[in-house]
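Engineer: Sequence and predicted model, in that order:
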Amino acid sequence: MSFKELLNILEEKQAGFVLLLCHRSADADSICSAYGLQGLIKRFLPNSVVEIGCPAGINKPSKTLLEYLPITVNLNPNIESAEVIVLLDMNTVEQLDESADTIKKSPAPKIIIDHHAPNQETMRLCRLCIINDKAAANCELVYQLFAETKIKPNLNEAKALFVGIAFDTRHFALANSPTFSILAALVSEGIDAQQTLSQFALPIDTSERIAKLKACKRTKIVIINEWIVALSHVSAYQAPAAKALVDLGAHVAAVAGKKSGKIEISLRSIRQFNKDTGIHLGTDIAAPLGEYLQGVGGGHAMASGVNGKGEIQDALKQCLALLKQKITNPEATTQPETIPAKSP
Ligand SMILES: [Mn+2]
C-alpha cells in the first residue's frame, strides 16, 4: 500500500486531470473515500484538476451527505479526457455500467483502491492496486494513505472518512479492531462523533414506522426447538418489518403482504439461527415457498424474499411448515407434509 507509488504515476504522467470514480449508486464509503483522496492529492499537486465522478449515480443517503459536506461530484464525468483514473470501493469496472467500456479503452493508467475481494481482470487492468479486503471500509484505506504521508486530514476530510466508515460498518457493528484505532484518530481531529452520526442518520418515513408497529401487533409467535419464529403481515415495508421483528428478539421472521393480487414475503434471521440450523433462507425457504406460490423466491442466508400468488395466511402457514421441517428434520428434501400441495 503506497501513496508514494500513486503519486509517482501522477507525476510521471504530469496528470492535469485526475478522475476518481465511485461505483454504481455510489454510497457514503465510496464518495467519502474519493473525497479524502482528492484532498490528499491536492496537497501535492495543487495545480491538477482532481474530480470525483459518479457516472452510475449516487444512492439516497449520499444525497444527504452532499448537503452537509463540501463534496462535489460529477454525475457525468468526462472519462475520455482523464489522464489518470482511480477506481474506488469496487472490484470490477462492470460496476460502472456503460462507462466500463470507456474505462477499459482509455489509455490512462488506472489505479484501484478497494476493500473487496480482488478480481483478477481488474488487477490486470490496473497499474497500481491498493487493496485490503480485511478493511471494513474503503475510507480506512484512504486514511492509511494520509497516515503514510504524515499529513492530517482536515476537519471535513476527517468527518467524511468517519461517516464513510460508519455507513459501511452499519454503525460500527461490522468494524474490525483496526477500524477503531482509525476512528479514534479521526475523532481526535475534532469531530463530534455523536453529532456527526445523528446528522447523517436517514430519516424514517412515518408510513414505515407505522408498518413496523402494525407488523409487531399482528405477530404470531411460534417456538420450534427453542427457536422463536415470528410471522406477520403488513401491506408495505415487509422487509424493514421483518428486520424489526428480528431486532426485537425473533430468531427468524417472515412478513407477508398483498398488493394488487400479488403476494410478497420477506424473511430475516439472526446469524446464529443460520449457523446452528444450517438453514439458508434463500435456498431452503424462499425458493420452495416461491415455487409453492407459483412465483419466485431467493436471496441470502439471513435475508430473502418471495413473490407469488395466493393468500397471506396460506403463504405464512406454508412458510412455517417449511421452517418446521428444516429445523426438525434438516436432512429431508421433500415438501412438508403438513400442508397439501396447492392445486394450480
Ligand atoms: Mn465500501
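Structural biologist: Done, it's in. Just so it is clear, the model here is predicted, and its values are computed rather than measured.
Engineer: When you work out contacts or count neighbours from here on, use the C-alpha atoms and nothing else.
Structural biologist: Noted.
Engineer: Kindly export the host helix or strand of Ala287 (C-alpha atoms) in CSV.
Structural biologist: In this structure, Ala287 is located in helix 287-292 according to DSSP states H and E. In CSV, the C-alpha atoms belonging to helix 287-292 read as follows (Å, rounded to 0.1, in the frame of the first residue of the first chain):
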residue,chain,number,x,y,z
ALA,A,287,-37.0,-20.8,-3.2
PRO,A,288,-39.5,-23.6,-2.3
LEU,A,289,-42.0,-21.1,-1.0
GLY,A,290,-41.8,-19.2,-4.2
GLU,A,291,-42.5,-22.3,-6.1
TYR,A,292,-45.5,-23.1,-3.9
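Engineer: After it, which helix or strand is next?
Structural biologist: strand 296-299.
Engineer: could you say what helices and strands that next one packs with?
Structural biologist: With contacts defined as 3 or more CA pairs under 8 Å, 6 or more residues apart in numbering; DSSP states H and E, the packing partners of strand 296-299 are helix 287-292, strand 303-309.
Engineer: chain center to it, what's the gap?
Structural biologist: 19 Å (CA atoms, centre = their mean, to the nearest Å).
Engineer: on that earlier part again, helices and strands around the helix holding Ala287, which ones?
Structural biologist: strand 296-299, strand 303-309, helix 312-328.
Engineer: what sits against Ala26?
Structural biologist: Cys54, Ala56, Gly57, Ile58, Asn59, Ser62 (CA atoms under 8 Å, 6 or more residues apart in numbering).
Engineer: now with 7 Å?
Structural biologist: Cys54, Gly57, Ile58, Asn59 (CA atoms under 7 Å, 6 or more residues apart in numbering).
Engineer: Tell me both backbone torsions, phi and psi, for the nearest residue to the first one once chain neighbours are set aside.
Structural biologist: In this case it means Cys54. Nearest-residue entry for Cys54: Leu75, 4.8 Å, with adjacent residues in sequence omitted and distances by CA to CA, 6 or more residues apart in numbering. Geometry field for Leu75 lists phi and psi as phi -80, psi -10, criterion degrees, to the nearest 10.
Engineer: Same check on Ile223?
Structural biologist: Here the main-chain torsion angles of Ile223 (degrees, to the nearest 10) amount to phi -110, psi 120.
Engineer: The nearest residue in space to Lys259 that is not next to it in sequence in helix, strand or coil?
Structural biologist: Nearest non-adjacent residue to Lys259, counting by CA to CA, 6+ apart: Ser235, 6.9 Å away. Using DSSP: H, G, I helix; E, B strand; the rest coil, the structure places Ser235 in coil.
Engineer: For the lowest-mean-pLDDT helix or strand in the chain, which outside residues touch it?
Structural biologist: Lowest on mean pLDDT, DSSP states H and E among the helices and strands of the chain sits strand 296-299, with a mean of 86. Residues outside strand 296-299 that contact it (CA under 7 Å, 6+ apart): Gly282, Thr283, Ala286, Ala287, Leu289, Gly290, Ser304, Gly305, Val306, Asn307, Gly308.
Engineer: Make a markdown table from the residues you listed and add neighbour count, distance to the ion and pLDDT to it.
Structural biologist: As requested, these are exported to a markdown table (neighbours: other CA atoms under 10 Å; distance: CA to the ion, whole Å; pLDDT from 0 to 100):
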| residue | neighbour count | distance to the ion | pLDDT |
| --- | --- | --- | --- |
| Gly282 | 22 | 24 | 92 |
| Thr283 | 16 | 27 | 93 |
| Ala286 | 27 | 28 | 95 |
| Ala287 | 21 | 29 | 95 |
| Leu289 | 28 | 33 | 97 |
| Gly290 | 23 | 32 | 95 |
| Ser304 | 23 | 22 | 91 |
| Gly305 | 26 | 24 | 91 |
| Val306 | 25 | 28 | 94 |
| Asn307 | 24 | 30 | 93 |
| Gly308 | 21 | 33 | 95 |
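Engineer: hmm, which two among those are most spread apart?
Structural biologist: Thr283 and Gly308 (15.9 Å; CA to CA).
Engineer: mind listing the helices for the stretch 51-200 of the chain?
Structural biologist: 60-68, 99-105, 120-125, 138-149, 155-168, 177-187, 193-199 (DSSP state H, counting those that start in this stretch).
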